[in-house]
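>>> kindly return the folded structure for what I paste below:
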Amino acid sequence: MTDKTLSKELKSLEANKLVKREVYDTFPPTVEYTITPHGMSLEKVFEALHYWGLAHRKAVIGK
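The predicted model follows:
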């Protein structure tokens, strides 16, 4: 993933209130992203998707 792509995706996640961006006054500037409570509301969705992916892999390649 390029820096440009990562930056675009992080901006999208922030705009959708899934992550919070904090910039610290350091040199060079430090930027930290944390998941928001709204982002955490997707936990069960990601868990279900993970298990679906495992089952799909097994069905497709038998592992």
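
>>> which of the helices or strands spans the residue most central in space within the chain?
Closest residue to the average C-alpha location of the chain: L13 at 7.5 Å, with C-alpha atoms, centre = their mean. Per DSSP states H and E: L13 is located in helix 3-15.

>>> convert the C-alpha atoms of that helix to CSV, please.
Extracted in CSV, the C-alpha atoms of helix 3-15 (Å, rounded to 0.1, in the frame of the first residue of the first chain):
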residue,chain,number,x,y,z
ASP,A,3,1.5,6.3,1.6
LYS,A,4,-1.0,8.1,-0.6
THR,A,5,-3.5,5.2,-0.5
LEU,A,6,-3.0,4.8,3.3
SER,A,7,-3.6,8.5,3.9
LYS,A,8,-6.8,8.4,1.8
GLU,A,9,-8.1,5.4,3.6
LEU,A,10,-7.4,6.8,7.0
LYS,A,11,-9.1,10.1,6.1
SER,A,12,-12.2,8.1,5.0
LEU,A,13,-12.2,6.1,8.3
GLU,A,14,-11.9,9.4,10.2
ALA,A,15,-14.7,11.1,8.1
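
>>> so how far is A55 from the residue nearest to the centre of the chain?
27 Å (C-beta to C-beta, to the nearest Å). Yep, even glycine has a C-beta here, placed from its N, CA and C like the rest.

>>> can you report how many residues lie near V19?
Neighbours of V19 under the rule other C-beta atoms under 10 Å: 19.

>>> so it is in contact with Y33, correct?
Yes - using C-beta atoms under 8 Å, V19 is in contact with Y33, at 4.8 Å.

>>> contacting residues around the longest helix seen in the chain?
Longest helix of the chain, by residue count under DSSP state H: helix 43-61. The set of residues external to helix 43-61 that reach it, using C-beta atoms under 8 Å, 6 or more residues apart in numbering, is K63.
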